[in-house]
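Peer 1: below are the sequence and a predicted model for it; my questions follow.
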Amino acid sequence: MNDPQLWRELGQQLRVDSIRCSTAAGSGHPTSSMSAADLMAVLMTRYLHYDFDQPENPNNDHLIFSKGHASPLLYSIYKAAGAVTDEELLTFRREGSRLEGHPTPLLPWVDVATGSLGQGLPIGVGVALAGKRLDRLPYRVWVLTGDSEMAEGSMWEAFEHAAKAELDKLTVIIDVNRLGQTGETMHGWDLAYYAGRLRSCGWKAIEVDGHDVEQIDRAFSEAVAHAGTPTAIVARTVKGKGVEEVANKNGMHGKPLPHPDEAIAELGGIRNIRVDVPKPEGSAEPHRFATGELRLPAYELGSVEATRKAYGDSLAAVGTSRGEVVALDGEVSNSTYAEIFAKAHPDRYFEMYIAEQQLAAAAVGLQVRDWYPFASTFAAFWSRAYDFVRMAAISQANMTLVGSHAGVSIGEDGPSQMALEDIASLRAVHGSTVLYPSDPNQTAQLIAQLPDRKGIVFVRTTREKTPVIYPPGEEFPIGGSRVVRQTDSDQVTLVGAGITLHEAMKAADALATEGIRARVIDLYSVKPIDEQTLRDAARATGHILTVEDHWPEGGIGEAVLSVFGDSDERPRIAKLAVRSLPGSATPAQQLAAAGIDANHIAEAARRLVAGELVGVGGGQEGRA
């Protein structure tokens, strides 16, 4: 539809409705919405191809509001498209409303939660990657960004990767309205700066007056026709456009208009334009992923292998049996062993380079299209992308993050490479699953379950080779644990996972020669945790000693303590953890220095049984 007068009127309607819903809520961001209204009016009437009656149609375009605080504009678009009623529009930000302060997938037309700035475009890169390399469908990805978030490093990770991957179905619309929350943005209305930097990244950049609908139309037309590289529409706009009281005025960010009735009158009053958004071509056929027989790798009892290697072997096998499985890595695939998947399934492997925020965001974008991503890097480096993981949970994303090289046991590389807070941070993510396998066959069984697991999964793998203690094919349900040492006369329970399980087993063997019987639990599922096995062990032994290659805050020890927080019969519980900043040393030296090797575990167990609960070696004990 090429009708400039309609575009102008629709732009005013989007402004008016943004004012109305934020006024009804008593909060919101109407001025940030008003600046982009003309851009969205042209987009939704002519260039966005979307069937609101069939949001699962794989041929639909994707519209992502990276500037998620402009949700009044997005919801006003939905009203104009007939997807929400005027009555629902006015429930904005109210308890129980689908129209939350920032968009979430509670609405079927919203792919991902936005609102933490700098995330919508990187996720859009992931969606566009799926379209180009996996779905091979012509849908376009449109991302509305603000100029404030152009200061985020994640945006430039996205710009670089999109150009490298030649994502020519991706168009970013930069709403350069000059004003942020507290004042002028870093570059104000300097469109030439943005355009120049984007061109240097390999993008096609088109500068426009963001309130001239004919210019906007020509820019969108040029973007659609362009091939080979992504396109950016760099639009000069006015925050609060159309209402003199707030237009281009600092201090109005995130506030309803002070005189809404007068503002609506100034904009020409309430309108009820209904837009037939162009529908995509093609039928709404769901994904049909190839399937095959699952042949997991098998490791011989008594041999040694690292769980990180078992991850790579298992992922390649799962990828053969499950066509929806894809893998991403942050340029450490020869250490995480994601390279095994890359060699087996090169069409489903994505190298994301040293850009962990884009790594996480691309995984979120790929799962939007129903692919199941496994994303891997060193566990320590996931901390750089933590906000993306937090937001992925709000997006109800389904994906697995794998962190290798965890804890002091990595050895000589030193503390910069040692994840010692990863279990705590990932346990804190809403709805997450945290797994810490201790054995390669166990790793294989756990990896095989994950494509059917909802939510964010974190798998912590170990750098060092450890003994194979479980036979191939043994089952390890998520939420379970395994008792690997047990007698009827156990006096203490040792709880470990990953590297510390093997140290605990050696400690139990040493204690047995002294007549002290120790039960040993492999807590491979840290979240959800196996409460029943822990409670049974507590009743049987009366003492629990947790051992972890992690800081004491938020890790295995505190996960175990949480089981007994409301119990009237609490066992004596002591924790061994890493409590001092490590340096460089061999893995064995690191474990000893941290007080979490077999000798320190055995000594702590002796003192725990004897009632001595003061610090032991490099670790420290405490009582629940």
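Peer 2: Thanks, I have the structure now. Remember, it's a predicted structure, so these values are computed and weren't measured experimentally.
Peer 1: which parts of the stretch 51-200 of the chain are helices?
Peer 2: The residue ranges that make up the helices of the stretch 51-200 of the chain, judged by DSSP state H, counting those that start in this stretch, are 71-80, 86-89, 120-129, 153-164, 191-200.
Peer 1: quick one: which of those helices is nearest G473?
Peer 2: G473 sits nearest to helix 120-129 of all those, at 35.0 Å, using Cβ to Cβ. C-beta coordinates here come from the backbone N, C-alpha and C atoms, glycine included.
Peer 1: who touches that closest one?
Peer 2: With contacts defined as Cβ atoms under 8 Å, 6 or more residues apart in numbering, helix 120-129 is touched by 62, 64-68, 111-112, 114, 141, 143-145, 154-155, 157-159, 161-162, 165, 167, 169-170, 172, 230, 350, 357-358, 361-366, 368-369, 388.
Peer 1: which of those residues count as buried?
Peer 2: Using 16 or more other Cβ atoms under 10 Å as the burial test, the contacts of helix 120-129 include 62, 64-68, 111-112, 114, 141, 143-145, 154-155, 157-159, 161-162, 165, 167, 169-170, 172, 230, 350, 357-358, 361-366, 368-369, 388 as buried.
Peer 1: show me the residues you listed that map onto strands.
Peer 2: Using DSSP state E, the members of those that fall within strands are H62, I64, F65, V141, V143, L144, T145, L170, V172, F350.
Peer 1: helix or strand for E475, which one?
Peer 2: Counting by DSSP states H and E, E475 is held by no secondary-structure element, helix or strand.
Peer 1: who's in contact with the residue nearest the centre of the chain?
Peer 2: Residue closest to the mean C-alpha point of the chain, counted by Cα atoms, centre = their mean, is V389 at 2.8 Å. The neighbours of V389, taking Cβ under 8 Å, 6+ apart as the test, are A360, W382, L401, L426, V429, I456.
Peer 1: any idea how far A355 is from R15?
Peer 2: 37 Å (Cβ to Cβ, to the nearest Å).
Peer 1: brain fart, T500
Peer 2: Taking Cβ to Cβ as the criterion, T500 is separated from R15 by 59 Å.
Peer 1: now P415
Peer 2: Computed as Cβ to Cβ, the P415 to R15 distance reads 53 Å.
Peer 1: which of those two has more residues huddled nearby?
Peer 2: Shown here are P415 and R15; by other Cβ atoms under 10 Å, R15 has more neighbours (31 against 14).
Peer 1: is it true that that one lies in a strand?
Peer 2: No - membership of R15 in a strand is not supported by DSSP: H, G, I helix; E, B strand; the rest coil, which gives helix.
Peer 1: pretty sure R482 contacts I521?
Peer 2: Yes - when contacts are counted by Cβ atoms under 8 Å, R482 is listed as touching I521 (7.2 Å).
Peer 1: of those two, which one has the most company?
Peer 2: Comparing R482 with I521 by other Cβ under 10 Å, the one with more neighbours is I521, at 26 against 20.
Peer 1: for that one, which residues make a bridge with it?
Peer 2: Each beta-bridge partner of I521 is listed here, defined by DSSP bridges: V483, V495.
Peer 1: surely it touches V484?
Peer 2: Yes - I521 sits in contact with V484 when judged by Cβ under 8 Å, with a separation of 7.3 Å.
Peer 1: give me the contacts around stretch 583-596.
Peer 2: Contacts of stretch 583-596 (Cβ under 8 Å, 6+ apart): 408-415, 463-464, 499-500, 503, 547-549, 576-580, 582, 597, 599-600, 604, 616-620.
Peer 1: which residue packs closest to D111, ignoring adjacent ones?
Peer 2: Across the structure, with Cβ to Cβ, 6 or more residues apart in numbering as the measure, the residue nearest D111 apart from its sequence neighbours is V368 (4.7 Å).
Peer 1: I figured that neighbour was touching V112, is that so?
Peer 2: Yes - using Cβ under 8 Å, V368 is in contact with V112, at 6.4 Å.
Peer 1: can you show me the helices along the stretch 451-600 of the chain?
Peer 2: According to DSSP H, counting those that start in this stretch, the stretch 451-600 of the chain carries its helices in the segments 499-512, 531-541, 556-563, 587-594, 598-610.
Peer 1: which non-adjacent residue is nearest G269?
Peer 2: Among residues not flanking G269 along the chain, V16 sits closest, at 7.3 Å (Cβ to Cβ, 6+ apart).
Peer 1: pLDDT weak spots in the stretch 151-300 of the chain?
Peer 2: 284 (pLDDT under 70).
Peer 1: can you list the residue ranges for strands in it?
Peer 2: 170-176, 204-209, 231-236 (DSSP state E, counting those that start in this stretch).
Peer 1: can you check the pLDDT for the residue nearest to D111?
Peer 2: Taken from the predicted model, the pLDDT recorded for V368 is 98.
Peer 1: and it, how far is that from E281?
Peer 2: Distance, V368 to E281, by Cβ to Cβ: 20 Å.
Peer 1: and I354, by the same measure?
Peer 2: If you go by Cβ to Cβ, the gap between I354 and E281 works out to 39 Å.
Peer 1: of the two, who's got more company?
Peer 2: In this view I354 and E281 are compared by other Cβ under 10 Å, and I354 has more residues nearby, 13 against 8.
Peer 1: looks to me like that one is in a helix.
Peer 2: No - residue assignment for I354, taken from three-state DSSP, gives coil, which places it outside any helix.
Peer 1: how long is stretch 79-93 from one end to the other?
Peer 2: End-to-end distance of stretch 79-93 (Cα to Cα, to the nearest Å): 16 Å.
Peer 1: contacts for it, please.
Peer 2: In this structure, residues lying in contact with stretch 79-93 by Cβ under 8 Å, 6+ apart are 10, 13-14, 17, 20-22, 24-28, 44, 50, 52, 71-72, 75-76, 78, 97-101, 109, 272-275, 277.
Peer 1: and those, which are buried?
Peer 2: For the contacts of stretch 79-93, a neighbour count by 16+ other Cβ under 10 Å gives the buried set as 10, 13-14, 17, 20-22, 24-25, 28, 44, 50, 52, 71-72, 75-76, 78, 97-101, 109, 275, 277.
Peer 1: does D597 touch E503 like I think?
Peer 2: Yes - applying Cβ under 8 Å as the test, D597 and E503 come out as touching, 5.4 Å apart.
Peer 1: for R453, see how far away the closest residue to A497 other than its chain neighbours is.
Peer 2: Nearest non-adjacent residue to A497, counting by Cβ to Cβ, 6+ apart: Y436, 4.1 Å away. When Cβ to Cβ is applied, the distance between Y436 and R453 equals 15 Å.
Peer 1: between those two, which one's more packed in?
Peer 2: Y436 (33 against 16).
Peer 1: ok, the more buried one - contacts?
Peer 2: When the contact criterion is Cβ under 8 Å, 6+ apart, the partners of Y436 are I423, V459, R460, A497, G498, L523, Y524, V526, I556.
Peer 1: who does the third one bridge with?
Peer 2: When you say that, I think you mean R460. G403.
Peer 1: that one contacts L435, doesn't it?
Peer 2: Yes - distance between R460 and L435: 7.1 Å, which falls inside the contact criterion (Cβ under 8 Å).
Peer 1: for H430, phi and psi?
Peer 2: Per-residue torsions, H430: phi -60, psi 130 (degrees, to the nearest 10).
Peer 1: again, but for the one 3 residues further on
Peer 2: Main-chain torsions, T433, degrees, to the nearest 10: phi -120, psi 130.
Peer 1: that one: neighbour count?
Peer 2: 24.
Peer 1: name the nearest residue to it, sequence neighbours excluded.
Peer 2: Distances taken as Cβ to Cβ, 6+ apart put V457 closest to T433, at 4.4 Å, once the chain neighbours are dropped.
Peer 1: got a list of what the one you found touches?
Peer 2: By Cβ under 8 Å, 6+ apart, the contact list for V457 reads M399, T400, L401, S432, T433, V434, L435, L450.
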